[in-house]
Structures are given as C-alpha cells and as structure tokens.
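Q: Could you look at this predicted model? Sequence included:
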There are 2 protein chains.
Amino acid sequence: MGDAALPKPHILVAFYRNFSDSFLEEVRNKFPDAEVSSLTREPGDRIPKDVVQKATVIVTSRILPEPEDAKHIKFIHFFSAGLDTVIDDPILTDSTIPVTTSSGIHGPPIAEWTVLNWLVASRKYNITYEDQKKHRWGPGENYAHGIQDHVGKRLGILGYGSIGRQIARVAVALGITVYAYTASPKPTPESRRDPHYIVPGTGDRDGTLPTSWHHGTSKSALHEFLSLGLDHVVVSLPLTPQTTRIIGAEEFAVLAANKNPKHRNPYLTNISRGKVIDQDALIASLTSGELSGAALDVTDPEPLPENHPLWEAPNVQISPHISALSEEYFSRSFDIVRENLDRVNRGEKLVNEYTRGRGY
Amino acid sequence: MGDAALPKPHILVAFYRNFSDSFLEEVRNKFPDAEVSSLTREPGDRIPKDVVQKATVIVTSRILPEPEDAKHIKFIHFFSAGLDTVIDDPILTDSTIPVTTSSGIHGPPIAEWTVLNWLVASRKYNITYEDQKKHRWGPGENYAHGIQDHVGKRLGILGYGSIGRQIARVAVALGITVYAYTASPKPTPESRRDPHYIVPGTGDRDGTLPTSWHHGTSKSALHEFLSLGLDHVVVSLPLTPQTTRIIGAEEFAVLAANKNPKHRNPYLTNISRGKVIDQDALIASLTSGELSGAALDVTDPEPLPENHPLWEAPNVQISPHISALSEEYFSRSFDIVRENLDRVNRGEKLVNEYTRGRGY
C-alpha cells in the first residue's frame, strides 16, 4: 500500500464556467498528492479523448468522457446530489466506472434555510422589518400575542436523509421532538445510520435524534405518521412516480385534525421538489387556515409565473430554489473527492457511490 | 414531611391586567394542591393587608405587600428576570422574605430571536421577501455569492447565563464553535453549572458546550477574548456601571483585526441593554464595514426616535425590545413557582432566589 507505488493521481475538473484562481489554489492545497487541471465546456459537451487519458479522476457537473475513453478513470464525481440530468448518459448506462455524488453537503445550508423560515413565521419578522423601514418602534402587543417558540413542538420529517438529519439536529437544540419517516423500515441501529458523506460536526450519523421512526409506502402508513400531533412537517423526499403529489388535501386534513389544540395549526416546509405537493390543495389549506403557513423553496412550475395564485396564498414564504446555495458548496464537494481519493488509495469502498438503476 | 401536615398553600397572583379564565384554569391545573386567587391593581400599588393575610405565596410584577403584613409569606415570585424596577421597594430593602425571579425562562425565545437575525442576515432573507411581494422568482446569482452558512464559524458569548447557554445550544447544532466569557473565573465544573431555573430540554446546565471559557473585568482580558477570530459576538451582560459602553470603537477594531480572512466581518448581537454598546461607535463600524452587521433588540434610548441615524446604519436589524416575548412566558414563570412550592414542601433551597444587595 505504499504511496510511492501509485502513479500520481490527476484530477480533472470539467465545468461550464471558470473557477477563480483562488478557488483552484484552494483545491490544489486540498490535494498536495495530486495534479489538478481544469477544463471549461458547455454542459453536455464531451471531454476530448486526449484530455481524458491524462486524468485519473473527473469532477464535473455534466461534462463527461465517452465511456470507451474512460476505462482507466478511478471515479467520476458529480457536483450535484442527484443525477437526474445525466441518468441516460452512456457513462451511466453503458459503463461501470464508479460514479459519486455530492449527497450530504446540502444539510447545513438547507437546514439553515428551513429554520430561518420557521423563525421568520413564528416570530413575525416581516412586521419587524417593515417597521424598521419606517423607523417605527412597534408596540410590544404586536409580539406578545401570537408568538410561540419551538420548545415542546413536534416535527415530522418525511425522508430522513442528510438534509432531514441536519434539520433534526437544529430542531432538537431548539427543544423540538423529532419523528422520522422513511419508505423502508429502519429497525436496527445499522439501518438508521447515515451512509452518505457528512459535513463534519453536523447531521445525525447514527440516527439517534428521532424519538421514533416510522415507515411505509401506503397512504395509511403516511396518515398514521401525520397523526402524531405534528406542528411542523418537512418534506425531504426524492421526486419519483410514487412521491408525486404524495401530500395533498387528505394529508393536510389529517395533520390539522390531529394538531395540539394549544398550538398553531401545522406548518409545511418543502425542500424537495414542487411536484411532491398537490399545490392547489396547498393553496386551499393555507387559505382556510388548516395550515398555519408554508415555506417553499420549490414550486410547480419553476420559475413560478408572476400571476400564479401561490405567491399570494396566506402565510406562504417562497424562495427561488436557493436553499442549498452557499459559498462553501464546491469546497465541500471537493472534500468528498478528497475522502474518496484516500479510499481508493486504501482500497476501500467509496463514499456516496451511485448505485446504477436506482433511478434518482 | 407528609403533605397532610402542611396547610394548603394559597397562591395570590397580583398583576396589572386580568389573566384570561383559560390561563387561570391552566395555573390551577398546575397547582392541584393549592388555592389560586388573583388580584388586579396598578403597578406599584400595595396589596391590601386582608388579602395578603390569606396568601402564602405571592406571584407578581410589582404589586407588593407591606413588609409587616407579609412575614408569613413563604416567597414572592416576580414575573421578570431582573428586579431593577423594585430594587428600592421596602420588600427588598426592609424585609427578608425570600424573593424569586423568572430568570432562566428567557433562553428559548431570545435564542430563537438571535438565530432568526443571524439567518436573515446570512441568507439574504430580505431579498427573498421583497421579491415575493413582487411575485418575482429571483436569480440564483443573488444567493450563490455572499452566502456562507454557520459550520465552522466562531461565536463569543459575553455573559454566559441562561440566555447565552440556549444560544450556545442552537449554535453548536449549527456547527458553530462557542467561546464563553464571564466576569469571574469559572475553573471548576461546579462553577460552570447554570444555577438558575432551566426550561426542560434547553440550555447548557453543565456548561459543557463552550470550547473554552474566558474571564475578566479588564479591558485587556476582554480584548484577548475578542481576538479569538470570532464571527459572531453576542452581548448578554447585565447593565451595571462596569458594563456601560463596555463595547465600543476599540472592541470593534480588535474584532475586525482578528477575523478569519475567508469569512465575513464580525457580526454583533445585543440582547442586553442599549447602553452596553457605544452606539455612535457601532454606527461608525457598520458604516465602514468593520462590522458586517448587527442585530439589536435594545437601543439607547428606547423607543429609538424616528430620526435616529441607527435606523439607517448598513446591515443593522432592529426590533423593539421584544426578543423575550412569547405566549409561553407566564406559563413558564409559574413552572418556577411550581418548582419552588415543591422545594418549600421538601425544605430545600429555592431556585432563582434573589440575593439581596447584588444590585441588578
């Protein structure tokens, strides 16, 4: 296993824009044991054969080699967490080159976006903001009534992946009780572990934060979960045929019927995809007050047209699919490459390796 | 110690407005072993002698008995955390009746207010909010640059009481490293414990969350603390002659000079009293960019006049001294009464007992 026996790895970064020199310098500092070169091409372009042949690892959005040029590549790392835009590329369909994703690095920014939205809603931040614009020291009565904090509240997380786990971590610190819901049963400690890359100091690696775990793919299993007296529901499911519009009028009714009578009505947070929610039903539930509010980073369609009624639904907070964004994004994605290069050197299984045929 | 041997306690609630019947019902449910009665008077009024004589515990804002009428009172509980408005009342100066405060219950709402403000600033929430008002799906570029999350950031907390401890709890969950600063040294585990009432499931009872503890009352000790490469400073000190304008131009300069070059400039949060900060120096530091922003729930004076320049300082977020408010406030204050009634019954030391002569 001596390093001297291994050829020096060559990391090729293929992206649709130029990274700054200072960022590439940071990447090179992360890989003192490797060469790092970069290539700028349009998304969907192929990497020229002579460029591929010098590389041992490719890091990219969706600028890929031809499979026959790439047999020597140790792994191809994607900046995205999902591979929906490249799922039909020959690299995925016609090769067995290991492919890794950036799954796991979205937890911190999306958890911060989520908690931001909960607190904006619960603490009436928009009143404070509008008052400040008018230089107005508003009356305490604006806040003494109608504000509850999060101690003793209940949060149900649909899809307990790396994002849900970091939300759980912050929620527990706020005094919230967390319930996890997954498609398949997770009865053992091993099944509850987070198998993905985890940003150090975040998340819930061992799955110990939820007070209880629930599972199923049937409507009745979902409704049983939504009957737990939840104050918050976070939708963090992948979009598949099975999850399309999985949350609609019936689910909102179940949530509201089982709410704690001393608390606000349930609050919905969607950080998955717009189509997971029946959006017309959501507008109706917000309008009737069945839901006390919703935070949506995703809508159907995107961008949401200017004249769409969702913009004006009561107590909705909409952002333009930006919850994952932060300056740390690419640096953290390269942390996964670093981890996997070490694993290749040690002959270990890669972290965040995509299982071909999973479909998302 | 059989309960049967004790006379039934009588809790007199003396306040300047009527509590709702439903709230009084909740209080009575909390004390099935006691009588509960209420009295509405103006702040500063004295409780009539015949009313005092039936009570064994008084719960109030600042409607107090004459000391000579109250020798039989087990304790007087105040809804406030500080006693500055009653510090010269004969009950405090001329009696030895135990007095307890609501210290400890402000942690959850003020921590939520604090984290709300950090996230509004760091995730550019005001842009999202203004875009939504215009039905505008803003470009991702608004967010891809300039947003950092809190993983790996450093927070210094000046005054590590129950509020600072709940802020620390949430901060650690966000991936932040916490440093505590107190006036007196806290070298032992016992000295680091939170002696006050703690809302269950919150705070840092054992003082284990800070990575390191620092102390002192000198400028050099404070500056050493502010040199730790802090991204956030939270001021959670009581206002005393020693803490008046303790944070000013020199302190902002020390913070900025020691910042992490890859991070934003330091951000100041004040949840104490306006006079703890040199407000003119704060405006100057925000204007120059030395501080990247500030969240202020308190100002000097209050209310802040409409024409005051602080309203328009860059990146400042001002709220009208409302960070502690939430619907849970009074219920939690009665939780302390509940705890202390149990302690009286068991012959134990009261929690949150005020030490006469402390001065705040």
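A: Yep, it's here.
Q: drop to CA atoms for contacts and neighbour counts, all remaining ones
A: Fine.
Q: CA-only coordinates of stretch A:27-36, as PDB, when you get a sec.
A: Once non-C-alpha atoms are left out, stretch A:27-36 reads as follows in PDB (Å, rounded to 0.1, in the frame of the first residue of the first chain):
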ATOM      1  CA  VAL A  27      -8.400  22.800  -4.400                       C
ATOM      2  CA  ARG A  28      -4.700  22.200  -5.100                       C
ATOM      3  CA  ASN A  29      -3.900  22.700  -1.400                       C
ATOM      4  CA  LYS A  30      -6.500  20.000  -0.700                       C
ATOM      5  CA  PHE A  31      -4.700  17.600  -3.000                       C
ATOM      6  CA  PRO A  32      -0.900  18.100  -2.400                       C
ATOM      7  CA  ASP A  33      -0.600  14.400  -3.600                       C
ATOM      8  CA  ALA A  34      -2.300  15.000  -7.000                       C
ATOM      9  CA  GLU A  35      -2.200  17.100 -10.100                       C
ATOM     10  CA  VAL A  36      -5.300  19.300 -10.600                       C
END
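Q: ok, and what's touching it?
A: Stretch A:27-36 is contacted from outside by A:8-13, A:331, A:334, A:338, using CA atoms under 8 Å, 6 or more residues apart in numbering or on different chains.
Q: Take the residues you listed and keep only those in strands.
A: A:10-13 (DSSP state E).
Q: Top of those by number of neighbours, please.
A: The most crowded member of the ones in strands among the contacts of stretch A:27-36, judged by other CA atoms under 10 Å in any protein chain shown, is A:I11 (23 neighbours).
Q: Might you report the residue contacts of that residue?
A: A:I11 touches A:34-37, A:55-59, counting by CA under 8 Å, 6+ apart.
Q: Break down chain A into its strands, ranges please.
A: A:10-15, A:35-40, A:57-60, A:75-78, A:99-100, A:154-158, A:177-182, A:212-215, A:232-235, A:267-270, A:293-296, A:316-318.
Q: For these, could you give me a markdown table that also reports distance to B:P108 and mean pLDDT?
A: Formatted as a markdown table, those follow (distance: least, CA to CA, whole Å; pLDDT from 0 to 100):
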| stretch | distance to B:P108 | mean pLDDT |
| --- | --- | --- |
| strand A:10-15 | 44 | 97 |
| strand A:35-40 | 48 | 96 |
| strand A:57-60 | 43 | 98 |
| strand A:75-78 | 40 | 98 |
| strand A:99-100 | 40 | 98 |
| strand A:154-158 | 16 | 98 |
| strand A:177-182 | 15 | 98 |
| strand A:212-215 | 24 | 98 |
| strand A:232-235 | 18 | 98 |
| strand A:267-270 | 19 | 98 |
| strand A:293-296 | 21 | 98 |
| strand A:316-318 | 23 | 98 |
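Q: A:E130 is nearest to which of the ones you listed?
A: Closest of those to A:E130 is strand A:316-318, at 15.8 Å (criterion: CA to CA).
Q: can that closest one be found next to chain B?
A: Yes: for strand A:316-318, a contact with chain B is found by CA under 8 Å from any CA of the partner chain, at A:317-318.
Q: A:I322 is in contact with A:D297, isn't it?
A: Yes: at 6.7 Å, A:I322 counts as touching A:D297 under the criterion of CA atoms under 8 Å.
Q: Turn the strands of chain A into TSV, including distance to A:A171.
A: Listed next are the strands of chain A as TSV, based on distance: least, CA to CA, whole Å:
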stretch	distance to A:A171
strand A:10-15	36
strand A:35-40	40
strand A:57-60	34
strand A:75-78	30
strand A:99-100	29
strand A:154-158	8
strand A:177-182	7
strand A:212-215	15
strand A:232-235	10
strand A:267-270	13
strand A:293-296	16
strand A:316-318	19
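Q: A:N260 contacts A:L228, correct?
A: No: A:N260 lies out of contact with A:L228 (CA under 8 Å); the separation is 9.5 Å.
Q: Alongside chain B, which residues does the stretch 251-360 of chain A contribute?
A: Close to chain B, as judged by CA under 8 Å from any CA, the stretch 251-360 of chain A has residues A:303-307, A:311, A:317-322, A:325-328.
Q: and the two most separated of those?
A: A:N307 and A:E328 (34.4 Å).
Q: who's more crowded, those two?
A: A:E328 (17 against 10).
Q: Cross-check the contact I'm expecting between that one and B:G146.
A: No: A:E328 lies out of contact with B:G146 (CA under 8 Å); the separation is 10.2 Å.
Q: in chain A, which helix or strand is least confident?
A: Least confident helix or strand of chain A, by mean pLDDT, DSSP states H and E, is helix A:141-144 with a mean of 88.
Q: With just CA atoms, put it into CSV.
A: Provided in CSV are the C-alpha atoms of helix A:141-144 (Å, rounded to 0.1, in the frame of the first residue of the first chain):
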residue,chain,number,x,y,z
GLU,A,141,-48.5,43.9,21.7
ASN,A,142,-47.6,43.0,18.1
TYR,A,143,-45.4,40.3,19.6
ALA,A,144,-46.8,39.4,23.0
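Q: Can you give the distance from that helix to the centre of its chain?
A: 35 Å (CA atoms, centre = their mean, to the nearest Å).
Q: Kindly report the same for stretch A:105-116.
A: 8 Å.
Q: A:S22: neighbouring residues, count only.
A: 9.
Q: for A:E190, same thing?
A: A:E190: 11 neighbours (other CA under 10 Å).
Q: Leaving out chain neighbours, which residue sits closest to it?
A: In space, and not counting its chain neighbours, A:E190 is closest to A:D206: 7.9 Å by CA to CA, 6 or more residues apart in numbering or on different chains.
Q: distance of the one you found from A:S102?
A: To A:S102, A:D206 is 20 Å away according to CA to CA, to the nearest Å.
Q: So which of these two has more stuff around it?
A: A:S102 (26 against 14).
Q: Pretty sure A:E339 is one of the things that one touches, is it not?
A: No: using CA under 8 Å, A:S102 is not in contact with A:E339; the gap is 11.8 Å.
Q: Surely A:G156 is in contact with A:H232?
A: Yes: A:G156 is in contact with A:H232 according to CA under 8 Å; the separation is 6.2 Å.
Q: Overlap of the contact sets of the two?
A: Contacts common to A:G156 and A:H232, judged by CA under 8 Å, 6+ apart, are absent.
Q: of these two, who's got more company?
A: Under the criterion of other CA under 10 Å, the comparison of A:G156 against A:H232 puts A:G156 first, with 29 against 26.
Q: partner residues bridging that one?
A: Per DSSP bridges, the residues bridged to A:G156 are A:Y179, A:V233.
Q: how far away is it from chain B?
A: 18 Å (CA to the nearest CA, to the nearest Å).
Q: With A:E339 instead?
A: The value you get for A:E339 to chain B, if CA to the nearest CA is used, is 19 Å.
Q: who's in contact with that residue?
A: A:V351.
Q: Count the residues that sit near A:D88.
A: Neighbours of A:D88 using other CA under 10 Å come to 12.
Q: Phi first, then psi, for it.
A: Backbone torsions of A:D88, given as degrees, to the nearest 10, read phi -100, psi 10.
Q: Can you list the buried residues in stretch A:293-309?
A: For stretch A:293-309, burial by neighbour count (16 or more other CA atoms under 10 Å in any protein chain shown) applies to A:293-299, A:304.
Q: So what would you say the end-to-end distance of it is?
A: End-to-end for stretch A:293-309, by CA to CA: 15 Å.
Q: One more: stretch A:321-337?
A: 25 Å.
Q: cool, stretch A:62-74 as well?
A: 17 Å.
Q: so for that stretch, what's the average pLDDT?
A: Taken as a whole, stretch A:62-74 has an average pLDDT of 97.
Q: quick one: contacts of that stretch?
A: A:14-16, A:41-49, A:52-53, A:55-58, A:78, A:85-86, A:90-91, A:94-95, A:97-98, A:344.
Q: just the buried members of these?
A: A:14-16, A:47, A:52-53, A:55-58, A:78, A:86, A:91, A:97-98.
Q: Nearest to B:L237 among these?
A: A:F78 (47.7 Å).
Q: so the closest one makes contact with A:V57?
A: No: in this structure A:F78 lies outside contact range of A:V57 using CA under 8 Å: 11.0 Å.
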